[in-house]
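A.B. asks: structure, please.
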Amino acid sequence: MVATNSIKLLAPDVHRGLAELVSTRLGLKLTDCKFKRDVTGEVLFSIGESVRDQDIFIITQIGSGVVNDRVIELLIMINACKTASARRITSVIPNFPYARQDRKDKSRAPITAKLMADMLTTAGCDHVITMDLHASQIQGFFDIPVDNLYAEPSVVKYIKENVPYKDSIIISPDAGGAKRAAGLADRLDLNFALIHKERARANEVSRMVLVGDVTDKVCIIVDDMADTCGTLAKAAETLLGNGARGVIAIVTHGVLSGRAVENINNSRLDKVVCTNTVPFEAKMAICPKLDVIDISAVLAESIRRLHNGESISYLFRNAPL
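C.D. replies: Numbering: from 1, shown residues only. Down below sits the predicted model:
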């Protein structure tokens, strides 16, 4: 619980599920906001109560599809609070948009993650809370504080409660995720293995090579993001072909775009578990293999600690109850 006289929680008019869970945990109501769209599609936004000298937290879920609409709505909300004399404005963006465009990987390509940082700052944002950034150096794109939370404590809790993890092995789906997999394996006192991917072109894996022994083990693939899930499906085939007993995938951001649901349903994966940083409730209804890890408690505790001027480093290793 936090004091209600100096803090406001705001959320867009769509994908409010996570914001409502956070507000319930904090014992606060979401601030009354009104969204309209004129005939040209422009957003008309207003706040239904005073935010002068308030500590503002704007909670936004940004998934696949209309990402740019969600970004513009967020910028408009930030600017509205800024011009209404809010004391501090914090954007809570669990899945940071354009995080994969964090470097200039070819000639004349933009660094769009840096552009996102500039736009948030220009709009009036004073602080950003996010989770499992695709590239941690994105924090350096900002001139304002950024708290990058980790899903790992919640994942550890889920595995201990739902997976026979003593007979399991942690799998990294690529070399870039080896550090994440090794850290999780250490916390669970498990071994880990690595899959080396060879790509014919972007988003298309031509060949996978397993480094490690998975014989008669339940394989837990851990990653920060699942997009079309083609890679996860192919990884499951590779692991089962090498003697694995079963395969579960646990990812932080379940973007699940394109043919993701079809790929999961047709795959040999036993389960795909995602946190609710991205809204995918509709996809769960048509994909029985999907499961969710609720991270609203982590976000709520980070908001409480930030508002009260407390350290949030405790949340890097521990999941709130």
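
A.B. asks: ok, which stretches of the stretch 151-300 of the chain are strands?
C.D. replies: Ranges of strands in the stretch 151-300 of the chain, per DSSP state E, counting those that start in this stretch, are 168-172, 192-201, 204-211, 218-226, 246-254, 271-275, 290-293.

A.B. asks: next one: residue 26 from residue 92, what distance?
C.D. replies: Plainly put, residue 26 is 12 Å away from residue 92 if you go by C-beta to C-beta, to the nearest Å. For every residue, glycine as well, the C-beta is placed using N, CA and C.

A.B. asks: ditto for residue 154
C.D. replies: 16 Å.

A.B. asks: between those two, which has more neighbouring residues?
C.D. replies: Per other C-beta atoms under 10 Å, whichever of residue 154 and residue 92 has more neighbours is residue 92, with 27 against 23.

A.B. asks: in this structure the more buried one contacts residue 299, no?
C.D. replies: Yes - contact criterion C-beta atoms under 8 Å: residue 92 and residue 299 qualify, at 6.0 Å.

A.B. asks: identify the contacts common to these two.
C.D. replies: 22, 59, 129 (C-beta atoms under 8 Å, 6 or more residues apart in numbering).

A.B. asks: kindly reformat the residues you listed as CSV containing pLDDT.
C.D. replies: Converted to CSV, these look like this (pLDDT from 0 to 100):
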residue, pLDDT
22, 97
59, 97
129, 98
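
A.B. asks: okay, and which of those residues map to helices?
C.D. replies: residue 22 (DSSP state H).

A.B. asks: out of the shared contacts of residue 92 and residue 299, which is most surrounded?
C.D. replies: For the shared contacts of residue 92 and residue 299, the largest number of neighbours (other C-beta under 10 Å) sits with residue 59, at 28 neighbours.

A.B. asks: quick check: that residue vs residue 250, distance?
C.D. replies: Distance from residue 59 to residue 250, by C-beta to C-beta: 23 Å.

A.B. asks: which residues touch residue 315?
C.D. replies: Residue 315 neighbours (C-beta under 8 Å, 6+ apart): 149-150, 153, 298, 301-302, 305.

A.B. asks: can you show me the helices along the stretch 51-200 of the chain?
C.D. replies: Assigned by DSSP state H, counting those that start in this stretch, the stretch 51-200 of the chain shows helices spanning 67-83, 112-123, 152-162, 178-188.

A.B. asks: which one of these lies nearest to residue 139?
C.D. replies: Closest of the helices of the stretch 51-200 of the chain to residue 139 is helix 112-123, at 9.0 Å (criterion: C-beta to C-beta).

A.B. asks: show me what the closest one is in contact with.
C.D. replies: 71, 74-76, 78-79, 82, 91, 96-102, 128, 135, 138, 141-144.

A.B. asks: could you list the low-pLDDT ranges of the stretch 151-300 of the chain?
C.D. replies: 198-206 (pLDDT under 70).

A.B. asks: what's the closest non-adjacent residue to residue 25?
C.D. replies: Of all residues not flanking residue 25 in the chain, residue 300 sits nearest, at 3.9 Å (C-beta to C-beta, 6 or more residues apart in numbering).

A.B. asks: what's the answer for residue 37, then?
C.D. replies: Closest to residue 37 by C-beta to C-beta, 6+ apart is residue 43, at 6.0 Å.

A.B. asks: ok, now which ones touch the one you found?
C.D. replies: Applying C-beta under 8 Å, 6+ apart, the residues near residue 43 are 35-37, 72-73, 76.

A.B. asks: what about stretch 42-61, distance to the chain center?
C.D. replies: 22 Å (C-alpha atoms, centre = their mean, to the nearest Å).

A.B. asks: may I have that stretch as CSV, with CA atoms only?
C.D. replies: What follows is stretch 42-61, C-alpha atoms only, in CSV (Å, rounded to 0.1, in the frame of the first residue of the first chain):
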residue,chain,number,x,y,z
GLU,A,42,-5.7,11.5,-34.2
VAL,A,43,-5.8,10.9,-30.4
LEU,A,44,-7.7,13.3,-28.2
PHE,A,45,-6.7,12.8,-24.6
SER,A,46,-7.6,14.4,-21.3
ILE,A,47,-7.1,13.7,-17.6
GLY,A,48,-10.3,13.7,-15.5
GLU,A,49,-8.7,15.0,-12.3
SER,A,50,-5.8,17.2,-11.1
VAL,A,51,-2.3,15.8,-11.3
ARG,A,52,-0.5,19.0,-10.1
ASP,A,53,2.5,18.2,-8.0
GLN,A,54,1.7,14.5,-8.2
ASP,A,55,4.0,11.5,-8.7
ILE,A,56,2.7,10.0,-12.0
PHE,A,57,3.2,6.4,-13.1
ILE,A,58,1.9,5.6,-16.6
ILE,A,59,1.7,1.8,-17.1
THR,A,60,1.7,0.7,-20.8
GLN,A,61,1.6,-2.7,-22.3
